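Asker: A structural model of the following input is requested.
(one chain, ligands or ions: 3)
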Amino acid sequence: MRTLYLIGFMGSGKSTVGKLLHEVLGITHLDTDQMVVEKYGEIATIFQQEGEKQFRAYETGMMKQTPDENTVVSTGGGVVEKQENRVFMKQHGFIVHLDSSYETIADRLGSDPERPLWRKNDSDKQQLYQRRKKLYSELADLKVVTDHKSPQSVVEEILGHLY
Ligand SMILES: Nc1ncnc2c1ncn2[C@@H]1O[C@H](COP(=O)(O)OP(=O)(O)O)[C@@H](O)[C@H]1O
Ligand SMILES: O=C(O)C1=C[C@@H](OP(=O)(O)O)[C@@H](O)[C@H](O)C1
Ligand SMILES: [Mg+2]
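Answerer: Ligands and ions are numbered 1, 2, ... in the order given. Now for the predicted structure:
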């Protein structure tokens, strides 16, 4: 099976759904954020001490280590910012966009201190959301709306499209 890349804004459920797909399908689960943390340390600290640009370089390095078969990859919400990452995912796997409304995301994340870009003011976050939504839509092979759905039902919907 081709690798599944889960893309979408922060809080859309990429990490949660990736883990569940691993449990259901028995395929390897990789989370590029976790890979970065294991190799380079906490994301908030990287943003603070080395800057977002360096985080993006680490993220791309991890992305390029993902195999193109039998794996589900939970990406970080900003992975679509670099064309290099978009091209890599398109060439190496099947891309699923977990689409959540801004309101759903705000409900899920609240005032999460772990995500540096979620600490910005509301107007900046809404702008980021609108700009990226276009990138996710253009790139995805499949879009699944996650509002008012449990992670389990999102998984079932993805599987329904694959099999
Ligand atoms: N479908 C869902 N319904 C309700 N809460 C969800 C859903 N998917 C994820 N969550 C919750 O939202 C938060 C962010 O989920 P996460 O998987 O970390 O998102 P991402 O990796 O896309 O940033 C977590 O607290 C998670 O439990
Ligand atoms: O949207 C972003 O730019 C980011 C999203 C985060 O991942 P999640 O989408 O899993 O929250 C993480 O990669 C980092 O905080 C930057
Ligand atoms: Mg995540």
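Asker: Establish whether stretch 30-50 and ligand 2 are in contact.
Answerer: Yes. Stretch 30-50 lies within reach of ligand 2 by Cβ under 6 Å from any ligand atom, at Asp33, Ile43. All C-beta spots, glycine's among them, are computed from the backbone N, C-alpha and C.
Asker: For that stretch, list every residue counted as buried.
Answerer: Leu30, Asp31, Thr32, Asp33, Gln34, Met35, Val36, Val37, Tyr40, Ile43, Ile46, Phe47 (16 or more other Cβ atoms under 10 Å).
Asker: contact partners of the lengthiest helix in the chain?
Answerer: Ranked by residue count and defined by DSSP state H, the top helix of the chain is helix 122-139. Contact partners of helix 122-139, identified using Cβ atoms under 8 Å, 6 or more residues apart in numbering, comprise 7-9, 77-78, 80-81, 86, 89-90, 95, 97, 99, 102, 105, 117-118, 120, 143.
Asker: could you dump that helix to PDB, C-alpha only?
Answerer: Listed next in PDB are the C-alpha coordinates belonging to helix 122-139 (Å, rounded to 0.1, in the frame of the first residue of the first chain):
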ATOM      1  CA  ASP A 122      -6.700  35.500  16.500                       C
ATOM      2  CA  SER A 123      -6.600  37.600  13.400                       C
ATOM      3  CA  ASP A 124      -3.100  36.300  12.400                       C
ATOM      4  CA  LYS A 125      -4.300  32.700  13.000                       C
ATOM      5  CA  GLN A 126      -7.400  33.200  10.900                       C
ATOM      6  CA  GLN A 127      -5.200  34.600   8.100                       C
ATOM      7  CA  LEU A 128      -2.800  31.700   8.300                       C
ATOM      8  CA  TYR A 129      -5.800  29.300   8.300                       C
ATOM      9  CA  GLN A 130      -7.300  30.900   5.100                       C
ATOM     10  CA  ARG A 131      -4.000  30.900   3.200                       C
ATOM     11  CA  ARG A 132      -3.100  27.300   4.100                       C
ATOM     12  CA  LYS A 133      -6.600  26.000   3.400                       C
ATOM     13  CA  LYS A 134      -6.000  26.700  -0.300                       C
ATOM     14  CA  LEU A 135      -2.700  24.800  -0.200                       C
ATOM     15  CA  TYR A 136      -4.200  21.800   1.500                       C
ATOM     16  CA  SER A 137      -7.100  21.700  -1.000                       C
ATOM     17  CA  GLU A 138      -4.900  22.000  -4.100                       C
ATOM     18  CA  LEU A 139      -2.500  19.200  -2.900                       C
END
